[in-house]
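Engineer: Predicted coordinates and the sequence they were generated for:
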Number of protein chains: 2
Amino acid sequence: MQRSAAKLPQVERIIIIGTGLLGGSIGLALRAAGYPGRIIGVGRRMETLEQARQLGCIDEPAADLPAALRQPAGRDLVVLCTPLSAFESLLATLAGCDHPGLIITDAGSTKQVVCDAARRLLPDPSRFVGAHPMAGSELHGPQHAKADLFVNRLCILTPQGTGASDESLQVVRDFWQALGLRLTEKTPAEHDRVVAAISHLPHAMAVLLVQLADERTAISIAATGFRDTTRVASGDPRVWTDIFTTNRAAMLEAIDLFADHLQQFRRLVSDGHEADMMKLLSNVKKARDTWLKQTWGE
Amino acid sequence: MQRSAAKLPQVERIIIIGTGLLGGSIGLALRAAGYPGRIIGVGRRMETLEQARQLGCIDEPAADLPAALRQPAGRDLVVLCTPLSAFESLLATLAGCDHPGLIITDAGSTKQVVCDAARRLLPDPSRFVGAHPMAGSELHGPQHAKADLFVNRLCILTPQGTGASDESLQVVRDFWQALGLRLTEKTPAEHDRVVAAISHLPHAMAVLLVQLADERTAISIAATGFRDTTRVASGDPRVWTDIFTTNRAAMLEAIDLFADHLQQFRRLVSDGHEADMMKLLSNVKKARDTWLKQTWGE
């Protein structure tokens, strides 16, 4: 994990594909950091792009990706911020753009499938550096974008997944750090495995808790605990369907481990093992409180 | 569900047993509501009682429960705010106090076991009205007590569980409403079943998520989603061991239903059923967003 004074990425233009909460916040954060180049937004819906422009997230919308990349004058950086299911087609389009100075990164929540697609589709995968900025919200749309969304959050880079070149890695590191993120590196497989444990599985549990409470018509009496425990379940269904689909192996492994733990917990309840239950709850409280203190200073 | 102008409970004194976050907040809320009688605190640790007194949660600490109930001059209300495992011994002590004007309520998170104990131990169970004020926090101790902890939260009363008298019910209703709570009534079994779904099961899931992330040494990279999803797992291990133990039947039923849902979810992931996954996530988002709007105005 590294943290250093922010250096602006040395590129002429930054093209953000998908100007929702994440892409919009990237634009605002770039401006806040003093990035002097053009920020171009690309997306399917002109309405969202126009809204992003009005909010100051981008300088100009582009009708499509080839239009955005026309007349390259040096190095450009493309940042994929759409749901993961759009990545393949975007990478194929990028592969067809004749732009020797193009460097690509992404904000997708899974990395193996993304890096594999970049290797398979791009003529020079070493110009792609996978990234996962671990910040977000259950809200979506540029109207919820915030310039400080990424400040002090962690960004996991996966340069090994595409054999990223030193030049590409430098630009991509500078880019994410300029937004306020702390950087760390993992292999795509390592990334997917740990993120399944701390993000994708918890998301699935929140979804299943709402499902169960709703089936029992119990949700109306729920209180603040339920609200926080299930907050992420209000996230974008498309985004999360893509995440679960593209992190299949790690999700299945995490689900099976969780199901084992659930049965162990069930035994503690059914057999009335109070001392073991106390021990489990105490260990968990300690682990969480230590993490809170170390990560959030709480 | 009812809501009416707060009327103060017609009792000479209110004796709060357990002056932590809940008991302390009750004292502060009583004072904020203008309750004119004495507020007495009872607890095992004089240090906590003294702290509660200094914070204005209680007027005076009592060395023990019989001491607090000496010289009754009319109607008194006792509120049990300790972890559930202390209830039996407290009810036995209350049964031995010769106090014809005593009315008892509690703030325990399970109700069948509590009402059964009251029926079994008290000479006149109709003077006991089980209650579950659905407010709290993962923090504990009187230093975290807040006068507005209960405002607009729901309190579930279980008068049927002890055949509560009209007089007792009136006093207990006035008491909880004066703190700002909205009241509803359920049978103890109904209460335990719905609360398992929206509080006890979610708590267990938060615990198991921290356990799994900690085992995988993945917790250090966790972000805001994980922080919220697992917030309750920093709760008091004693309090939650008691809750899981005393809500055994409803917990086991909820765990088994959840385990079924987990396997259904696993199949959606393993078989790549994107359309079904989208449908599940969309339904859940809709249910949660509707609840948020109706309950929290968000």
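Structural biologist: Right, received. Where do you want to start? Residues are numbered from 1 along each chain as shown, chains lettered A, B, ... in the order given.

Engineer: going forward, measure contacts between C-alpha atoms and count neighbours the same way
Structural biologist: Will do.

Engineer: Going by neighbour count, list what's buried in stretch A:244-263.
Structural biologist: Using 16 or more other Cα atoms under 10 Å in any protein chain shown as the test for burial, stretch A:244-263 gives A:244-252, A:254-255, A:258-259, A:261-262.

Engineer: Repeat that for stretch A:106-123.
Structural biologist: A:106-115, A:117-119, A:121-122.

Engineer: Stretch A:51-69 too?
Structural biologist: Buried residues in stretch A:51-69, defined by neighbour count with 16+ other Cα under 10 Å: A:51-53, A:55-62, A:65, A:68-69.

Engineer: Check stretch A:212-227 too.
Structural biologist: With burial defined by 16+ other Cα under 10 Å, the residues of stretch A:212-227 counted as buried are A:212-214, A:218-227.

Engineer: Now those in a markdown table, please, with extra columns for pLDDT.
Structural biologist: As requested, these are exported to a markdown table (pLDDT from 0 to 100):
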| residue | pLDDT |
| --- | --- |
| A:Leu212 | 97 |
| A:Ala213 | 96 |
| A:Asp214 | 94 |
| A:Ala218 | 87 |
| A:Ile219 | 92 |
| A:Ser220 | 90 |
| A:Ile221 | 91 |
| A:Ala222 | 93 |
| A:Ala223 | 90 |
| A:Thr224 | 91 |
| A:Gly225 | 92 |
| A:Phe226 | 95 |
| A:Arg227 | 95 |
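
Engineer: what subset of those residues is also close to chain B?
Structural biologist: Counting by Cα under 8 Å from any Cα of the partner chain, A:Leu212, A:Ala213, A:Asp214, A:Ala218, A:Ile219, A:Ser220, A:Ile221, A:Ala222, A:Ala223, A:Thr224, A:Gly225, A:Phe226 from these sit close to chain B.

Engineer: Surely the first one touches B:Asp256?
Structural biologist: Right, A:Leu212. No - the pair A:Leu212 / B:Asp256 is not scored as a contact, 11.1 Å apart, by Cα atoms under 8 Å.

Engineer: of all the buried residues of stretch A:51-69, which two lie farthest apart?
Structural biologist: A:Leu55 and A:Leu69 (22.8 Å; Cα to Cα).

Engineer: List the buried residues in whatever helix or strand A:Arg31 lives in.
Structural biologist: Following DSSP states H and E, one finds A:Arg31 within helix A:21-33. Going by neighbour count (16+ other Cα under 10 Å), the buried part of helix A:21-33 is A:Leu21, A:Leu22, A:Gly23, A:Gly24, A:Ser25, A:Ile26, A:Gly27, A:Leu28, A:Ala29, A:Leu30, A:Arg31, A:Ala33.

Engineer: Which single one of those is nearest to A:Gly235?
Structural biologist: Nearest to A:Gly235 out of the buried residues of helix A:21-33 is A:Leu21 (Cα to Cα; 11.5 Å).

Engineer: List the contacts of that closest one.
Structural biologist: Residues counted as contacts of A:Leu21 (Cα atoms under 8 Å, 6 or more residues apart in numbering or on different chains) are A:Gly136, A:Ser137, A:Leu139, A:His140, A:Gly141, A:Pro142, A:Gln143, A:His144, A:Ala145, A:Lys146.

Engineer: In contact with the first one, which residues?
Structural biologist: So the one you mean is A:Gly136. A:Leu21, A:Leu22, A:Leu149.

Engineer: angle of the biggest helix by length in chain A against helix B:248-270?
Structural biologist: In chain A, assigned by DSSP state H, the helix with the most residues is helix A:248-270. Counting by axes from the mean of the first three to the mean of the last three Cα atoms, to 10 degrees, helix A:248-270 lies at 170 degrees to helix B:248-270.

Engineer: Is there any residue in helix A:248-270 that contacts chain B?
Structural biologist: Yes - using Cα under 8 Å from any Cα, helix A:248-270 reaches chain B at A:Arg248, A:Met251, A:Leu252, A:Ile255, A:Leu257, A:Phe258, A:Ala259, A:His261, A:Leu262, A:Arg266, A:Val269, A:Ser270.

Engineer: Kindly provide the distance from A:Leu22 to B:Val42.
Structural biologist: To B:Val42, A:Leu22 is 52 Å away according to Cα to Cα, to the nearest Å.

Engineer: can you give me the strands for chain A?
Structural biologist: Using DSSP state E, the strands found in chain A span residues A:13-17, A:38-42, A:60-62, A:76-80, A:102-106, A:128-133, A:154-158, A:182-185.

Engineer: Ok, which of those comes nearest chain B?
Structural biologist: Among the strands of chain A, strand A:154-158 comes nearest to chain B, with 7.1 Å by Cα to the nearest Cα.

Engineer: OK, contacts around A:Arg231?
Structural biologist: By Cα under 8 Å, 6+ apart, A:Arg231 lies in contact with A:Glu138, A:Ala206, B:Gly225, B:Asp228, B:Thr229.

Engineer: Number of residues surrounding the first one?
Structural biologist: Neighbourhood size, A:Glu138 [other Cα atoms under 10 Å in any protein chain shown]: 13.

Engineer: Check what pLDDT it gets.
Structural biologist: pLDDT, A:Glu138: 78.

Engineer: so what's the backbone phi/psi at it?
Structural biologist: Backbone torsions of A:Glu138, given as degrees, to the nearest 10, read phi -80, psi -10.

Engineer: residue contacts, it?
Structural biologist: Taking Cα under 8 Å, 6+ apart, one finds A:Arg231, A:Val232, A:Ala233, A:Ser234, A:Gly235, A:Asp236 in contact with A:Glu138.

Engineer: In space, what's closest to it - neighbours in sequence excluded?
Structural biologist: Nearest residue to A:Glu138, sequence neighbours excluded (Cα to Cα, 6 or more residues apart in numbering or on different chains): A:Gly235, at 4.2 Å.

Engineer: any idea how far that neighbour lies from A:Ala249?
Structural biologist: A:Gly235 is 22 Å from A:Ala249, by Cα to Cα.

Engineer: For the stretch 51-200 of chain A, what lies in contact range of chain B?
Structural biologist: Counting by Cα under 8 Å from any Cα, the residues of the stretch 51-200 of chain A close to chain B are A:Met134, A:Ala135, A:Ser137, A:Arg153, A:Leu154, A:Val194, A:Val195, A:Ala197, A:Ile198, A:Ser199.

Engineer: let's see it at 7 Å
Structural biologist: Contact residues, the stretch 51-200 of chain A versus chain B (Cα under 7 Å from any Cα of the partner chain): A:Met134, A:Ala135, A:Val194, A:Ala197, A:Ile198, A:Ser199.

Engineer: if we can go back for a sec, and the strands of chain A, which is most packed in?
Structural biologist: Comparing the strands of chain A by mean neighbour count (mean count of other Cα atoms under 10 Å in any protein chain shown), strand A:128-133 comes out on top with a mean of 28.

Engineer: That one: partners in the sheet, and parallel or antiparallel?
Structural biologist: Applying DSSP bridges, strand A:128-133 is found paired with strand A:102-106 (parallel), strand A:154-158 (antiparallel).

Engineer: Rebuild these as JSON lines, extending it with mean pLDDT.
Structural biologist: Converted to JSON lines, these look like this (pLDDT from 0 to 100):
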{"stretch": "strand A:102-106", "mean pLDDT": "98"}
{"stretch": "strand A:154-158", "mean pLDDT": "97"}
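
Engineer: Please determine how far the closest residue to chain B within chain A is located from A:Ala131.
Structural biologist: Closest to chain B within chain A is A:Thr229: 3.9 Å, counting by Cα to the nearest Cα. Relative to A:Ala131, A:Thr229 is positioned 27 Å away (Cα to Cα).

Engineer: And A:Ile198, by the same measure?
Structural biologist: The value you get for A:Ile198 to A:Ala131, if Cα to Cα is used, is 17 Å.
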